[in-house]
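A.B. asks: Need a 3D model of the following:
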Amino acid sequence: MKRCVVIVAGGKGSRFGSDIPKQFLLMNNKPVLMRTIDAFYSSDNSFEIVVVIPEGHFSYWQELCKKYNFTTPHKIVKGGASRWESVKNGLAEIDNNSIVGIHDGVRPLISKQLIDRLYSNAETLSAVIPAIKVTDSLRVVNEVESKSHSVNREVYRAIQTPQVFKSDIIKEAYELPFEECFTDDASVVERYGTQINIIEGEDSNIKITSAKDLAIAELLANHVGIF
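C.D. replies: All right, here's what the predicted structure looks like:
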């Protein structure tokens, strides 16, 4: 089946103390978002890539593409007021009868191997997401009573992206009214009634949300020779 990805890049640079949104910051001398796009294109150059960014950033992105001679094929779509709306806008550009992943624009270290495993599994399982084991101890906090208690971390997983689905399923799921419990795409599809299947993610598939994350991502990329 045709492989597609909606890359959501509507973040801000507030945690960096920067006016530049984090997806446009440089990672080893190239904008993070470009590296994320190239991760999918290099895994399969037939990928249909849809990138969702705020309309106010369209011209800035075009300037960056010229500056860095970025020619990887992709389509730009206007973002919404929330991530949920942005994903819905991106899905409107995706053909039916395909496999589509929803990916954070600031996860540039996704590997070809993980992309292949997710998309291959989604062809038969319909809804597949990557996750990694939690290594820190966990506690549930009751702020009202100022109490907490430990929980078994073995039954918890930290969820990553891309979350990958048969396009017909996720597009229909996004026709549901928005609910506060929709924290990611899997929660929307789960509400629609489709079982979510988990496969092992990658520790290196980190989300860049702070300056420290960006520094770690650069070190990881240099260590494994990605860029």
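A.B. asks: Each with direction, which strands does the strand or helix carrying residue 103 pair with?
C.D. replies: For residue 103, the element it lies in under DSSP states H and E is strand 98-104. Next to strand 98-104 in the sheet, as set by DSSP bridges, lie strand 2-8 (parallel), strand 163-166 (antiparallel).
A.B. asks: buried set for the helix or strand of the chain with the lowest mean pLDDT?
C.D. replies: Counting by mean pLDDT, DSSP states H and E, the chain has its least confident helix or strand at helix 211-224, which shows a mean of 89. By 16 or more other Cβ atoms under 10 Å, the buried positions in helix 211-224 come out as 213-214, 217-218, 220-221. From N, CA and C alone the C-beta is placed, and that goes for glycine too.
A.B. asks: And stretch 160-174, by the same measure?
C.D. replies: Going by 16+ other Cβ under 10 Å, stretch 160-174 has these buried residues: 160-167, 169-174.
A.B. asks: what mean pLDDT does it have?
C.D. replies: Stretch 160-174 shows a mean pLDDT of 98.
A.B. asks: is it true that residue 24 touches residue 35?
C.D. replies: No. Using Cβ atoms under 8 Å, residue 24 is not in contact with residue 35; the gap is 11.4 Å.
A.B. asks: Centre of this structure to the edge, which residue is at the far end?
C.D. replies: residue 145 (36.0 Å; Cα atoms, centre = their mean).
A.B. asks: for it, phi and psi?
C.D. replies: phi -100, psi 0 (degrees, to the nearest 10).
A.B. asks: Could I get the full set of helices for the chain?
C.D. replies: 32-43, 58-67, 83-91, 112-125, 167-173, 185-192, 211-224 (DSSP state H).
A.B. asks: Need these in JSON lines (columns: distance to residue 19).
C.D. replies: Converted to JSON lines, those look like this (distance: least, Cβ to Cβ, whole Å):
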{"stretch": "helix 32-43", "distance to residue 19": "16"}
{"stretch": "helix 58-67", "distance to residue 19": "11"}
{"stretch": "helix 83-91", "distance to residue 19": "21"}
{"stretch": "helix 112-125", "distance to residue 19": "32"}
{"stretch": "helix 167-173", "distance to residue 19": "34"}
{"stretch": "helix 185-192", "distance to residue 19": "29"}
{"stretch": "helix 211-224", "distance to residue 19": "14"}
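A.B. asks: closest one to residue 131 among those?
C.D. replies: Closest of the helices of the chain to residue 131 is helix 185-192, at 9.7 Å (criterion: Cβ to Cβ).
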